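In: Just to be clear, the model below is a prediction. Sequence and coordinates:
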Amino acid sequence: MRILVMTAVAPERDAIQRGLGQDNRFEFALAGVGIAAAAVHGAIEVAKADYDLLIIAGIAGGFVGQAGVGSIVVASEIIAADLGVELLDGFSSLDELGFGSTRISVEGELAQRVTAALQAAGLQAQAAPVLTVATATGTAATAAALAQRVPGAAAEAMEGFGIATAAQQRGVPVLEIRAISNAVGPRDRDAWRIGDALKALEAAGKVLAEVL
Ligand SMILES: O=C(O)c1cccc(C(=O)CC[C@H]2O[C@@H](n3cnc4c(=O)[nH]cnc43)[C@H](O)[C@@H]2O)c1
């Protein structure tokens with residue numbers, strides 16, 4: 001089995017790589033930060049080999065009441081939550097406009113199995129929708145609007161939909177695994193617990209190596 005693991009930045013890659021250990025089934029590549037860089041690098045990487053699975057991994061914001069700092073969210077679906085048009089009284093997604101889809105399915109059975117294994121290993125983990133946003137949320141109003149737009153959304157990050165779109169074009173199944181570093185809401189960079197999230201990502205990597 002050949003598995004590509006993509007993260008936005010090197011500290012995320014290093015964390016999950018430490019967890020996965022010396023296992024030659026896994027290969028690693030950086031996507032860069034944001035949906036555009038992620039789509040381009042995703043397309044380049046999936047064209048290099050016939051991968052059996054692409055795992056998108058990294059840190060993320062957690063929606064308050066859904067995913068706490070240090071916990072893990074395994075995407076049940078990857079959703080481009082701000083891809084559409086803003087209306088005077090709301091938002092209309094690309095799907096509603098008839099221009100394509102803002103949702104990418106993951107390997108559902110595998111996502112459930114990974115989540116169960118993470119929980120069995122004592123990690124706080126759940127399977128839930130993970131949003132991809134072009135602009136990281138910085139206000140309570142945007143957090144509330146996103147939570148209303150995608151009921152049950154547990155995390156937001158900035159690369160998943162870009163990488164997953166590239167994988168989908170090549171027919172490569174995807175998983176997205178995010179460790180929560182901060183709450184989605186009013187921006188407070190000093191409150192981000194990146195170290196805790198990277199430790200959780202490493203711990204998740206150990207479990208992944210066993211379950212895959
Ligand atoms: O400064 C560091 O040491 C460091 C280590 C690892 C990662 C970072 C990042 O800044 C990664 C940015 C990456 O994180 C995702 N992210 C995290 N929180 C949020 C959020 O609240 N909203 C959206 N995205 C978030 C995102 O995918 C970024 O690419 C720094």
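Out: Okay, I see it.

In: is stretch 33-43 anywhere near the ligand?
Out: Yes. Contact of stretch 33-43 with the ligand (C-beta under 6 Å from any ligand atom) involves Val33. Backbone N, C-alpha and C define where each C-beta goes, glycine included.

In: Could you list the residues in contact with that stretch?
Out: 6, 8-9, 29-32, 54, 80, 132, 134, 158-167, 169 (C-beta atoms under 8 Å, 6 or more residues apart in numbering).

In: and the ligand, which of the residues you listed contact it?
Out: Taking C-beta under 6 Å from any ligand atom as the test, the ligand is in contact with Ala8, Val9, Met158, Glu159 out of the contacts of stretch 33-43.

In: farthest pair in those?
Out: Val9 and Met158 (10.8 Å; C-beta to C-beta).

In: what about the two, which has more around it?
Out: More crowded of Val9 and Met158, by other C-beta atoms under 10 Å: Met158, with 24 against 14.

In: and the residue of the chain found nearest the ligand, how many neighbours does it have?
Out: Closest contact between the chain and the ligand, by C-beta to the nearest ligand atom, is at Gly61 (2.3 Å). If you count neighbours by other C-beta under 10 Å, Gly61 ends up with 26.

In: For it, give me its contacts.
Out: Neighbours of Gly61 in contact, by C-beta under 8 Å, 6+ apart: Ala136, Thr137, Ala155, Glu156, Ala157, Ile180, Ser181, Asn182, Ala183, Val184, Gly185.

In: Now do the strands in this structure.
Out: Secondary structure of the chain by DSSP state E: the strands cover 3-7, 26-30, 53-62, 72-80, 84-87, 90-93, 103-105, 125-132, 155-157, 174-183.

In: Deepest-packed of those, please.
Out: Sort the strands of the chain by mean neighbour count, taking mean count of other C-beta atoms under 10 Å, and strand 155-157 sits at the top with a mean of 28.
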